[in-house]
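**Student:** sequence unavailable; structure follows:
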């Protein structure tokens, strides 16, 4: 069935490709690339839909389908996490793996698909990794302590429009981990900086600003993420195009917080004000 | 027969919640830590409930099948969240939000629940702002609003086109704080596969670890399900691929009543289907209808012409023509059916003929491209990604798709199901939206239930349970439930048939869409009820689930979910057949006015249908909770 593009541009002819996929039976198991032909594909099909079809073919043949992480398939949940031809989330800027379409590949292409590779993101199976390290960083300080029911009237807090907009630029992070996968140091600086900046830019985030940045960076380091050496592969791979300027902002926050902490102790431990 | 006591508090509508809170039983602060509560799901409802109950001192265990609580599908909600703040001074009030919701739901929701939802809407905004949700702002620093599908006031708060994401991340941050503080124990990659009922009370769950296949039992003093809707029974929908009904379906099979399963919202503005490989449909958010104009050619012959070649005089802006007062902003069910109608007339656009134009030319002319880009840039980008078309130059093509389920597990005013100890929040319950949900009200309900209702009402139940009286997870009921889960997993893996799971899901979806989608009739529903059981039988005989149960196995996960959809689909059609009227999203072709609008039958159907499981192979029982409208007059919805 042909796609429903009316003003079809380059999307008329079906294509065939070879998919070179990382297969790994389980955590710690030895993995390898395996080639699969994928024939007669509608170019308007998404890359993940191509994998769906391939998996159904494998199932019918009695082989195990390729495990890959996916959920919303509209680029917002952050579940999909493929390295496509060496690039996290594939050839296009500002999209997630699930928003990559077969029309991005020429007929006859060999498409290499790997999991995000970073030691804090161990492979669970095939293309699925465990990114719970990101949750742990959030739990250390990625919040504003506000007990349900204790909030003041919303318009009592004025937030300048440009601050809100910049905070929103940072807050768009989908927590996919492409920044880590793209970084030769497996640094999580862009991810952490996005959260630190989002909250640090808002008046509501000020009381915990120092503690937040110290706690999140501390846990980030403990979990084995590397440092930033300013190559900005992270922002280039980011499906939400979050700017590496936020890393500089976090570094300033971190420096100031460390300086102040030297004179007046700031606890870097989690739990801000829990019961 | 189940006892359906809605437990609506007495007194005037506007005082019910306040009085109920004053009357409700409390749990002593030092006793709270003696109670364990299981929360399944961490979307808006689940995350906000888990965080808030942990803040109160309860010990919370939160289970999610995702790798992280932040992945829940609430994240994909685009447009906004309603609240009766009246910041625009345009005449909004709690009463007006309540009234709009009741009317929008076509008088099939409970007055008391809906009023409470409108009341706490204002607290939600306060809470979210304090958490740092970066809502859109005016230049003066105050919160901005926009008007949203079906509303004549501007009461919708938004964060670009990613409101659901920002609200979910707010709830996730609150949850993360409580995980860090030790108040919530978080179980990721953990799918609930059964509910455990002990002496008639919900006291635990059985869970499969999706990484290792390990099956474990967990007990608690109460179980809260916040597992979302069941729209994926249609296969193609705007839901995430993983969204499923297994938790609520297993609870139904354990005795919880399932209310109004046929109430399903079909969203008018989604990107049309392009091929049979398609795995999901993507929504183009409602606010686009604020500035976009919907049209099709007046003549069938023009439908394949490039839109720019169709003269203004040859275009039919059919919503503006049929509903002049609301125009392109009329409620979703009405807009969806109108789109279907013009396509049925042969005027649909695109190769499949199943599409209508959503045109921004007028808005771009009026506001300039950059203003349109600022408002909707991310949606235009998504559209471009999917279709390879530039909607700043050519109109978008849209078509309705399954988007939300108003039906769900039956709950009383305390959000407790007929099974004591089982609470159901958010989209998973049925209570607030009636037969149709208004735009920007799903986020409101999820957060209302989680932040501001369950923290009070769960105490009312727990106060009746002796601290420390919860059963250990090794009792007979727990072991039996685990055995059933293991048996089911083994049966799925052992079928070793010839067809992958997806083919059954597609076939079920095709039956559902055809017979029980936007329009339904007796013949079609009866046919569907004849087609689904053999399909289910074929599934159990001929499904092919490769691999083992001891590792991560996505085919197995999917198989279990589709097996449940194959049962739910039947109940869905049964409900649609039994409801011999049209109301909201439930459009029975036999019951319509000459102009094609819904013809309600208040005399016979002003009630909630709550289905009760009677055992394998037996027809379920249709219980009825009458809906009394004490404070509003049931009127015919008229958006003309």
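**Tutor:** Ah, there it is. Keep in mind it's a predicted model, so treat the numbers as computed, not measured.
**Student:** from residue B:275, how far off is the nearest residue to residue A:138 once chain neighbours are set aside?
**Tutor:** Nearest non-adjacent residue to residue A:138, counting by Cβ to Cβ, 6 or more residues apart in numbering or on different chains: residue B:176, 4.3 Å away. Heads up, the C-betas are built off the backbone N, CA and C, glycines and all. In this view, residue B:176 and residue B:275 are 40 Å apart by Cβ to Cβ, to the nearest Å.
**Student:** more neighbours: which of these two?
**Tutor:** residue B:176 (28 against 15; other Cβ atoms under 10 Å in any protein chain shown).
**Student:** phi and psi next, for the more buried one.
**Tutor:** Per-residue torsions, residue B:176: phi -60, psi -40 (degrees, to the nearest 10).
**Student:** do residue B:59 as well
**Tutor:** phi -90, psi 120.
**Student:** what residues does the stretch 201-350 of chain B put near chain A?
**Tutor:** Contact residues, the stretch 201-350 of chain B versus chain A (Cβ under 8 Å from any Cβ of the partner chain): B:211, B:240-242, B:272-280, B:282-283, B:304, B:306-307, B:349-350.
**Student:** just the buried ones from the residues you listed, in PyMOL syntax?
**Tutor:** Buried subset of those, written as a PyMOL selection, criterion 16 or more other Cβ atoms under 10 Å in any protein chain shown:
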select buried, chain B and resi 211+240+241+242+272+273+274+277+278+279+280+282+283+307+349+350
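**Student:** list the contacts of the closest residue to residue B:361 other than its chain neighbours.
**Tutor:** Nearest residue to residue B:361, sequence neighbours excluded (Cβ to Cβ, 6+ apart): residue B:395, at 7.2 Å. For residue B:395, the contact set (Cβ atoms under 8 Å, 6 or more residues apart in numbering or on different chains) comprises B:292, B:295, B:307, B:357-361.
**Student:** quick one: residue B:395 from residue B:347, how far?
**Tutor:** Distance of residue B:395 to residue B:347, computed by Cβ to Cβ: 14 Å.
**Student:** got it, and residue B:73?
**Tutor:** Residue B:73 sits at a distance of 33 Å from residue B:347 (criterion: Cβ to Cβ).
**Student:** looking only at neighbour counts, state which of the two leads.
**Tutor:** The neighbour count for residue B:73 versus residue B:347, taken as other Cβ under 10 Å, is higher for residue B:73 (26 against 21).
**Student:** mind listing what residue B:363 touches?
**Tutor:** B:291-292, B:372.
**Student:** let me fix that: residue A:166
**Tutor:** Residue A:166 makes contacts with A:197, A:201, as judged by Cβ under 8 Å, 6+ apart.
**Student:** again, 7 Å this time
**Tutor:** By Cβ atoms under 7 Å, 6 or more residues apart in numbering or on different chains, residue A:166 lies in contact with residue A:201.
**Student:** with residue A:77 instead?
**Tutor:** Going by Cβ under 7 Å, 6+ apart, the list of residues near residue A:77 reads A:71, A:174, B:71, B:75-76, B:240.
**Student:** looking at the residues you listed, which are in helices?
**Tutor:** Using DSSP state H, no member of those falls in helices.
**Student:** does residue B:240 touch residue B:73 like I think?
**Tutor:** Yes - here residue B:240 reaches residue B:73: they are 4.3 Å apart, a contact under Cβ atoms under 7 Å.
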